[in-house]
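Trainee: starting from these lines, generate the structure:
(2 chains)
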Amino acid sequence: MTQAPAASAEAPGSARDPRWNSRFWGHTKGAEAIRELPVVRALEQAVPGAVLGAEDRCGDLSLRVRASDLTRVATALRDDPALRYEMLMDVCGVDRSALPEGDGGDRFHALYHLYSLRHGKRLRLHVPLDAARPEVDSLTPLFASANWAEREAFDMYGFQFRGHPDLRRILCHEEFVGHPLRKDYPPDARHMLSRTYSSFPGLPPDVPEGERVRVMQGDVEQVYINLGPSHPATHGTFRIQARLDGEVIADSRTEIGYLHRCFEKMCEAHGFTQIFPFTDRLNYLSAFNNNVGYAMAVEKLLGLELPERAIAIRVILMEFSRIIDHLVTIGTNLVDMGALTNFWYAYVPREEIYSLIEACCGARLTVSYGRIGGVSQDVPEDFVARSRGVLDRLPEFVDYIDALITKNVIFQKRTRGVGLLPRDRALSYAWTGPGLRATGVQFDLRRAHPYYGYETYDFEIPVRTNGDVFDRYIVRMEEIRESMKIIRQALDRFPGGPHIVDDWTVALPPKNEVYTNIEALMAHFKLVMHGPKVPAGEVYSYTESPVGELGFYMVTDGGPKPYRLHCRAPGFYIFSAVDEMLKESMISDFAANLGSLAIVAGELDR
Amino acid sequence: MVRLKNEAAAGTPGIENAADPGPKSELPREAQPFRHNFITTKLEYYINWGRKNALWPMPFGTACCAIEFMSVVSSHYDLSRFGAEVVRFSPRQSDLLVVAGTVVDKMGPILKTIYDQMPEPKWVIAMGVCASSGGFYRAYHVMQGIDEIVPVDVYVPGCPPTPEGLMHGILRLQDAIQKGETRSQRETSLLDRGKPVDLPQSVITREDLARRQGAS
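Mentor: Here you go, the predicted model:
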């Protein structure tokens, strides 16, 4: 909502622009039509005068509300039976002070992305905040996911959330000065950290790794232990400090940010195509999914429709990436429980899939294969045959793991009923992906909001109901098999044609054209030097990554770089529930529980 | 000085083949029965040979490079062929610190602690460009190379390095260990000879940082 809807009627990307009314991306509505939407009418009834402005662009409805109304609006949105926005998917901020048209009087916006599972509808709230004192009520009493999300907005922008139980930095370290995502903060201004800090108030600051600390509180001896950030069971960089009562975790504090690589600031400093390598390194177990997630946001803003072949390549490689992601997750989870053999079994097909990806783009892990409008180059000639070969050998290894583990009594005893999170809490924490599906919610974006023709594929969404470590394992194993089914179908109808759109304003012209045709040469030069021309606007796009809903929220100002790019990392919200899950659980279940959450630090800390 | 009566080791640098000792170096009479059964070498050389072939890595894996490190120790690439298979997550049990991945400012003190906990002699490999120089993260929270806080013996380029790249780095480290050229060994050697340890310090201060940022 960078512009009022009426004012932007003639601008590119407005309701009159034919590209915005595409079958693929949905429709853009005018101001009167928005007023008639049931959401807006119900909200007007519950909180009169709350909606200051509204915009609906390619199916993205965003409303502007006052900061003082936020709690009432959010309560109505969550509890009104006609609305039922029961998931707070994401909270982030925007510093609008550097927009070319000016910030229009409010420098900061706090943004809330809500999702209604019942109605399958999304909603974005814009809350303008005062530039000098950016203050707003905390939504933590309504949504558990607001806790970490608001801490991040505080860390990055300095927003003060009134009533937040624990408002302190989450990604940057304790001695950091300033709020890095504000536009007046230089991207490379570092601050050194002199020592490590404890998250527990009252605990000696530097609890050595792997050692216990005993503190007398009255007559009771309290034992604290510290796990991470370099610990074999963490598989990533985060730190958990726990207060023990015997062998039971009485209380724990989680600290993240040990891999905060400033993804969002880096994106503001780089052009649209240069961002692909940064997205690779979010969830590096399945880099290609991030490529596609980001490319989709830009394509949505551009209103691009992809060639069939590009879509097929994306679907096949996304599903292969999903398989290797799940294989590593299952493998490392089992290693933590002492079952090392499965890890080696999981790595054999993983290497084969790596080789396949390497044949497509030249890189194994961090692929950078996605491009705006398609993929960077066409797949090799033997791609279909080779993929079929990988698919033929893959079930053998999955069955090995299945035979060794699924009915194994030790495994069942260590995982059944362990790491429970009830369904309503999982929704409140905005869980998505296999973790949510293990609690009995059949929510998969490939089915709920199909993209790339997923509705035409025949596959199941595996669902389990207990929400424990065992169920997450089963869901992942089943998803590997479903992904194989999808890939087979996609290979059967693998189309010919171009691998990237034939639009030289966003995609590089073919090399032989560049050498022979002056138009192509100019387009090539313009694209490399100045980047693709992306219209001003804002967009939220989402894909089903192996961990859950991977969302990219982007604000553009018509320039060569995104004005703001926020990544809604599924792992961040899944991991925010970990303190609640660990409470009253056994210390020996800790490793099994953590491994089943599939946390990848690159995505968690960004 | 160095005598060897083992045909198989002929040509190995540092171990002289004495199969043909020449007319002037006749073995003493009492050593004749052992002529084909023993080697003589320098003690230091022998110890370094043992050290280089029994590296115990401590993977300080933070990011994407850690996944490639997993590939290197897994069945396909199999790092144990080079004697570096015993991966230990406790710094006190290991002598090779493999920093695989980006180290951010928040992680700095922890990396330093882990390095200090490792017993001498110890070696450090900076795996990947993030650990070597910060990589393409010229950013407000990313350390611009771990040599700001710990000394590094081998830098392995790549983002992430291929498994072959890391194995090459380990082979280079083995060469350096054999020659006694790693930092840890040079330090020990200087201390043993009672000389001042004047190796370059790799510690960055707040003032350095401010100066560096002022220059950029």
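
Trainee: for residue B:98, helix, strand, or coil?
Mentor: Under DSSP: H, G, I helix; E, B strand; the rest coil, residue B:98 falls in the strand class.

Trainee: for it, give its distance to residue B:81.
Mentor: 16 Å (C-beta to C-beta, to the nearest Å). Where C-beta positions appear, they are placed from N, C-alpha and C, glycine not excepted.

Trainee: against chain B, how distant is residue A:190?
Mentor: Between residue A:190 and chain B the computed distance is 6 Å (C-beta to the nearest C-beta, to the nearest Å).

Trainee: ok, and the closest non-adjacent residue to that residue?
Mentor: Spatial nearest neighbour of residue A:190, chain neighbours left out: residue B:140 (5.7 Å); criterion: C-beta to C-beta, 6 or more residues apart in numbering or on different chains.

Trainee: residue contacts, the one you found?
Mentor: A:172, A:180, A:185, A:186, A:187, A:188, A:189, A:190, A:191, A:262, A:265 (C-beta atoms under 8 Å, 6 or more residues apart in numbering or on different chains).

Trainee: of the residues you listed, which belong to helices?
Mentor: Of the positions in the contacts of residue B:140, residue A:265 sit in helices, assigned by DSSP state H.

Trainee: neighbours of the closest residue to residue B:73 other than its chain neighbours, how many?
Mentor: Counting by C-beta to C-beta, 6+ apart, residue B:79 is the residue found nearest to residue B:73 once chain neighbours are left out, at 4.9 Å. The number of residues packed near residue B:79 is 21, by other C-beta atoms under 10 Å in any protein chain shown.

Trainee: mind checking pLDDT for residue B:79?
Mentor: Residue B:79 carries a pLDDT value of 86.

Trainee: now do it against chain A, distance only.
Mentor: Between residue B:79 and chain A the computed distance is 13 Å (C-beta to the nearest C-beta).

Trainee: what does the stretch 151-300 of chain A put close to chain B?
Mentor: A:171-173, A:176, A:180, A:185-196, A:208-210, A:229-232, A:236-237, A:257-262, A:265-266, A:277-278, A:280-281, A:284-285 (C-beta under 8 Å from any C-beta of the partner chain).

Trainee: list buried members of those by neighbour count.
Mentor: Neighbour counting by 16 or more other C-beta atoms under 10 Å in any protein chain shown classes A:171-173, A:176, A:180, A:185, A:187-193, A:196, A:209, A:229-232, A:236-237, A:257-262, A:265-266, A:277-278, A:280-281, A:284-285 among those as buried.

Trainee: for chain B, name the helix or strand with the lowest mean pLDDT.
Mentor: The weakest-scoring helix or strand in chain B, judged by mean pLDDT, DSSP states H and E, is helix B:206-215 (a mean of 61).

Trainee: ok, which stretches of the stretch 501-606 of chain A are helices?
Mentor: A:511-516, A:518-530, A:570-575, A:578-582, A:590-595, A:601-605 (DSSP state H, counting those that start in this stretch).

Trainee: where does chain A dip in pLDDT?
Mentor: The model of chain A has pLDDT under 70 over residues A:1-33, A:58-59, A:199-219, A:232-234.

Trainee: in the chain, which helix is the longest?
Mentor: You didn't say which chain, so I picked chain A. Looking across chain A with DSSP H, the single longest helix is helix A:308-336.

Trainee: wrong chain, I was asking about chain B
Mentor: Of all segments of type helix in chain B, defined using DSSP H, the longest is helix B:163-179.

Trainee: what's next to that helix, contact-wise?
Mentor: Contacts with helix B:163-179, where a contact means C-beta under 8 Å, 6+ apart, come from B:14, B:45, B:48-49, B:51-53, B:55, B:68-69, B:71-72, B:76-77, B:79, B:82, B:84, B:96, B:123, B:125, B:127, B:153-158, B:161, B:182, B:185.

Trainee: what's the first helix or strand after the longest helix of chain A?
Mentor: As assigned by DSSP states H and E, the chain's next helix or strand after helix A:308-336 is helix A:341-361.

Trainee: before we move on, back to that, using PDB, list the CA coordinates for the longest helix of chain B.
Mentor: Provided in PDB are the C-alpha atoms of helix B:163-179 (Å, rounded to 0.1, in the frame of the first residue of the first chain):
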ATOM      1  CA  PRO B 163      34.300 -32.100  -1.400                       C
ATOM      2  CA  GLU B 164      37.400 -32.500  -3.600                       C
ATOM      3  CA  GLY B 165      38.400 -29.000  -2.600                       C
ATOM      4  CA  LEU B 166      38.200 -29.700   1.100                       C
ATOM      5  CA  MET B 167      40.200 -32.900   0.600                       C
ATOM      6  CA  HIS B 168      42.800 -31.000  -1.300                       C
ATOM      7  CA  GLY B 169      43.000 -28.500   1.600                       C
ATOM      8  CA  ILE B 170      43.500 -31.400   4.100                       C
ATOM      9  CA  LEU B 171      46.300 -32.800   1.900                       C
ATOM     10  CA  ARG B 172      48.000 -29.400   1.900                       C
ATOM     11  CA  LEU B 173      47.700 -29.300   5.600                       C
ATOM     12  CA  GLN B 174      49.300 -32.700   5.900                       C
ATOM     13  CA  ASP B 175      52.200 -31.500   3.800                       C
ATOM     14  CA  ALA B 176      52.600 -28.500   6.100                       C
ATOM     15  CA  ILE B 177      52.400 -30.700   9.200                       C
ATOM     16  CA  GLN B 178      55.000 -33.000   7.800                       C
ATOM     17  CA  LYS B 179      57.400 -30.100   7.200                       C
END
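
Trainee: for that helix, list every residue counted as buried.
Mentor: Buried residues in helix B:163-179, counting neighbours by 16+ other C-beta under 10 Å, are found at B:163, B:165, B:166, B:167, B:169, B:170, B:173, B:174, B:176, B:177, B:178.

Trainee: nearest to residue A:245 among the residues you listed?
Mentor: residue B:166 (43.4 Å; C-beta to C-beta).

Trainee: please name the nearest non-neighbouring residue to the closest one.
Mentor: That would be residue B:72: by C-beta to C-beta, 6+ apart, it lies 5.2 Å from residue B:166.

Trainee: re earlier: residue B:98 and residue B:81: who's more crowded?
Mentor: More crowded of residue B:98 and residue B:81, by other C-beta under 10 Å: residue B:98, with 30 against 9.

Trainee: in chain B, which ranges drop under the pLDDT threshold?
Mentor: Short version for chain B, where the test is pLDDT under 70: B:1-25, B:35, B:201-216.
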